[in-house]
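>>> can you look at this prediction? I've put the sequence above it.
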Amino acid sequence: MQLLLSDPYMFLDALLLVFVRALGLLLIVPVFGNRSVPYMAKIAVTFFLSVILMATIPFELTVSSRDVVNFAVIVIKEFFVGWLIGFGAYIVFSIVTLSGQFIDAQIGFSMVNVFDPTSQIQLTITGNLYYYLLIMVTLVTDAHHMFLRALINSYYLIPLGKMSLSNQLYSSIVEYLETYFVLALQIAAPVFFVMIITNVVLGVLARAVPQLNMFVIGFPIKILLGVITIYLTLALFSIISDVIISDTEKLMQDIIEGMMPR
């Protein structure tokens, strides 16, 4: 608030930059970034959050809005900082969606897609189920506060207008993408195992009793066993959500450190 008393115009410039970075994060980060949340609500929450941050964190600016070109470049950079942090969280949360698509491809649900109005994309049934379960666990356990902690931490590590891309940023994202597919396959592994055994049994029955139409018999059997397996493995979803939430916080921190000024 000392900046407001000493230089009101500089305070408004800093408030705009803080607002833009926070808005970039809240537009894409899970929970807050869902399309079901009205844009006016996101803007209002971002504005009040920015005012609170201005009152608690000392900000310094070297460029004012009088220098239109340089200030516009800084505004774009600040939006990119917030968006990239939120994008890191979005990547980790989409692991459960990918694993659900793997599962549905095995049990025969991949042909049934559900249009998700929040993300404006087609999702399979199990992928949609896993994603909303993860969102519910995140809200119930107050894990969504990690998004706000990451935003606040970014202002300390990346001062306004001081963002700098480094090799650490690229390596962090690329290295996690390798883990991304491994985690998705691990989540879907129980269904894969059950489906392999089911296909072997159906193959043996097809050879032993050629009169049976294995396609007609096998399709409902695979669906039934797949649904039962999903139901039994839901007890492990708390462990899966803990891993994903932990990875989300770690990746956001790595992204912030990758944009720190050198």
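Now that the structure is in, tell me what you want to look at.
>>> mind showing which ranges of this protein have poor pLDDT?
By pLDDT under 70, the weakly predicted segments of the chain are 1-8, 65, 110-123, 211-212, 214-215.
>>> biggest helix in it by residues?
helix 167-208 (DSSP state H).
>>> C-terminal to that one, what's the next element?
As assigned by DSSP states H and E, the chain's next helix or strand after helix 167-208 is helix 214-233.
>>> that following helix to helix 167-208, inter-axis angle?
Angle of helix 214-233 versus helix 167-208, following axes from the mean of the first three to the mean of the last three C-alpha atoms, to 10 degrees, is 130 degrees.
>>> relative to the whole chain's centre, how far out is helix 214-233?
Relative to its parent chain, helix 214-233 has a centroid offset of 30 Å by C-alpha atoms, centre = their mean, to the nearest Å.
>>> got a list of contacts for it?
Residues from elsewhere that reach helix 214-233 (C-beta atoms under 8 Å, 6 or more residues apart in numbering): 103, 106-109, 126, 190-191, 194-195, 198-199, 202-203, 205-206. C-betas here are computed from N, CA, C, even on glycine.
>>> would you mind getting the angle between whichever helix or strand comes after it and helix 214-233?
Moving toward the C-terminus from helix 214-233, the next helix or strand (DSSP H and E) is helix 237-258. If you take the same axes, to 10 degrees, helix 237-258 sits at 80 degrees to helix 214-233.
>>> mind listing what's buried along helix 237-258?
240-241, 244-245, 247-249, 251-258 (16 or more other C-beta atoms under 10 Å).
>>> helices and strands around the longest helix of the chain, which ones?
helix 68-93, helix 95-107, helix 214-233, helix 237-258 (3 or more C-beta pairs under 8 Å, 6 or more residues apart in numbering; DSSP states H and E).
>>> list the contacts of the most centrally placed residue in the chain.
Most central residue of the chain, judged by C-alpha distance to the mean C-alpha position with C-alpha atoms, centre = their mean, is Tyr90 at 1.8 Å. Neighbouring residues of Tyr90 by C-beta under 8 Å, 6+ apart: Ile28, Val29, Pro30, Gly33.
>>> from those residues, which is closest to Ser50?
Checking the contacts of Tyr90 against Ser50 with C-beta to C-beta, the nearest one is Val29 at 15.6 Å.
>>> SS state for the closest one?
coil (DSSP: H, G, I helix; E, B strand; the rest coil).
>>> residues touching it, list them.
Each residue near Val29 by C-beta under 8 Å, 6+ apart is listed here: Ile85, Gly86, Ala89, Tyr90, Phe147.
>>> now the closest residue in space to the last one that isn't next to it in sequence: how far from His145?
Meaning Phe147. Nearest residue to Phe147, sequence neighbours excluded (C-beta to C-beta, 6 or more residues apart in numbering): Val29, at 5.0 Å. Counting by C-beta to C-beta, to the nearest Å, the gap from Val29 to His145 is 12 Å.
>>> same check on Val69?
Distance from Val69 to His145, counting by C-beta to C-beta: 37 Å.
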